[in-house]
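> Need coordinates for the below:
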Amino acid sequence: MQYGKSLTIFVRRYPKTIALVTITGVGLFAVRRWMSGGVCRSKARLDGKTVLITGANTGIGKETAVDLASRGARVILACRDMTRANQAAEDIRQRSGNGNVIVKKLDLASLQSVRQLAEDILASEERLDILINNAGVMSCPKWQTEDGFEMQFGVNHLGHFLMTNCLLDLLKKSAPSRIVNVSSLAHEKGEIHFDDINLDKDYSPWKSYRQSKLANVLFTRELAKRLKGTRVTTYCLHPGIIHTELGRHFWPTMPLWKRVVYQPLMLLIKSPTEGAQTSIYCAIEESLNNQSGLYYSDCVPKAVAPQGQDDEAAKKLWELSASMVGLL
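Numbers count the residues shown, from 1 in each chain. Model (predicted):
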């Protein structure tokens with residue numbers, strides 16, 4: 001009784017304070033709801049289907065795996081760190097109620113590892129219905145892959161380019177099937193530096209990341225053309241701004257004051273489950289059966305930047321990539 005009386009007195013004395021707190025709370029709730037983005041509403045089942053997801057031991061890759069396993073799919077986690085991958089697989093089995101979740105070794109920074117995985121899949125799997133090229137690295141220092149390529153271009157684009165091409169026959173055999181490439185809004189400021197593809201002359205972490213994400217968009221565009229009539233469709237997407245391990249390279253390099261300022265904003269960005277929704281949508285949404293080569297964000301199609309619509313650049317990138325990975 002005393003508590004209720006005290007609260008009434010407080011409200012009467014500080015009506016502006018109460019109003020400000022209420023408005024602020026409602027505003028933050030609205031922003032958080034908006035930031036959470038679209039949700040995949042499809043109830044599609046995947047019983048009897050096989051899915052391969054790269055980098056599925058953490059982040060949106062893992063949440064995508066949980067969802068697709070929950071729909072009855074056989075899910076293959078293709079990961080570099082086998083210890084973490086096996087731990088993730090066990091968690092996915094428990095959360096999805098599906099024991100048909102397996103782990104395969106894949107280091108996208110090694111073309112030999114990519115080829116070994118592809119050979120393993122072709123030898124052990126009768127079908128492959130969905131390939132999700134999810135793994136990636138962002139804003140890392142000037143590192144090189146095992147084969148001497150700039151790390152972000154090598155992992156985010158070349159490794160997936162080679163693996164996808166090696167698995168195309170199995171995807172065609174399993175048609176209708178899908179290829180999903182996780183890109184980023186960063187492609188809008190990207191440029192393919194054909195005269196310095198490894199950025200040896202002028203490297204910066206973000207310049208490299210943007211180039212690799214634009215490469216994902218152009219790869220999807222050219223792949224859709226080459227797969228026309230095969231019933232293998234392909235999609236690329238921006239998952240949103242998500243709280244995952246992807247930022248592990250640039251977050252520690254930020255000045256302390258920026259980290260202090262940005263920290264509260266971390267409460268507003270997407271969770272991995274929310275960030276996985278567009279990947280899931282592109283993998284299973286029935287209305288996309290006759291669509292291919294498009295770009296999605298928040299579970300709806302979005303226009304790509306002009307440089308992502310350049311058919312000549314897409315073809316040129318394909319030919320350069322094929323040469324770099326030894327497909328020509």
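> Mind listing the residues bridging to residue 232?
Counting by DSSP bridges, residue 232 is bridged to residue 177.
> Let me know how buried it is, in neighbour terms.
22 (other Cβ atoms under 10 Å). Backbone N, C-alpha and C define where each C-beta goes, glycine included.
> correct me, but it touches residue 178?
Yes. Contact criterion Cβ atoms under 8 Å: residue 232 and residue 178 qualify, at 7.3 Å.
> how about the strands in the stretch 51-200 of the chain?
Along the stretch 51-200 of the chain, the segments classed as strands by DSSP state E, counting those that start in this stretch run 74-79, 101-105, 130-133, 177-182.
> ok so, going back, please identify every residue contacting each of residue 232 and residue 178.
Residues touching both residue 232 and residue 178 by Cβ atoms under 8 Å, 6 or more residues apart in numbering: none at all.
> so what are the domain limits for this structure?
What automatic domain parsing lists as the domains of the chain is 1-36, 42-325.
> By mean pLDDT, show me the worst of the ones you listed.
Mean pLDDT per stretch puts domain 1-36 lowest among the domains of the chain, at a mean of 49.
> Going by neighbour count, which residues in the helix or strand hosting residue 210 are buried?
Assessed by DSSP states H and E, residue 210 sits inside helix 205-226. By 16 or more other Cβ atoms under 10 Å, the buried positions in helix 205-226 come out as 205, 207-224.
> Strand 177-182 and that one, what's the angle between them?
Put simply, helix 205-226 runs at 160 degrees to strand 177-182, going by axes from the mean of the first three to the mean of the last three Cα atoms, to 10 degrees.
> Is residue 145 in contact with residue 152, as I believe?
No. Residue 145 is beyond contact range of residue 152, at 9.6 Å (criterion: Cβ under 8 Å).
> how about the nearest residue to residue 122 once chain neighbours are set aside, what does it touch?
Counting by Cβ to Cβ, 6 or more residues apart in numbering, residue 122 lies nearest to residue 170, which is 6.0 Å off, once chain neighbours are set aside. Residue 170 makes contact with 121-122, 125, 127-128 under the criterion Cβ under 8 Å, 6+ apart.
> ok, residue 170 to residue 236 distance?
21 Å (Cβ to Cβ, to the nearest Å).
> How about the contacts made by residue 194?
Contacts of residue 194 (Cβ under 8 Å, 6+ apart): 316-317, 320.
> and if we set it to 10 Å?
313, 316-317, 320 (Cβ atoms under 10 Å, 6 or more residues apart in numbering).
> now swap in residue 133 and tell me
52-55, 61, 78, 108, 156-157, 159-161, 163-164, 179-183, 216, 219-220, 234, 236, 279.
> Bridging across strands, which residues link to it?
Assigned bridge partners for residue 133, using DSSP bridges, are residue 181.
> in what helix or strand does the residue nearest to residue 71 when sequence neighbours are not counted lie?
Closest residue to residue 71 apart from its sequence neighbours, by Cβ to Cβ, 6+ apart: residue 46 at 4.3 Å. Secondary structure from DSSP H and E places residue 46 outside every helix and strand.
> Would you check that residue 46 makes contact with residue 96?
No. Between residue 46 and residue 96 there is no contact under Cβ atoms under 10 Å: 11.1 Å.
> Just the terminal-to-terminal distance for stretch 188-203.
Its first and final residues considered, stretch 188-203 spans 18 Å by Cα to Cα, to the nearest Å.
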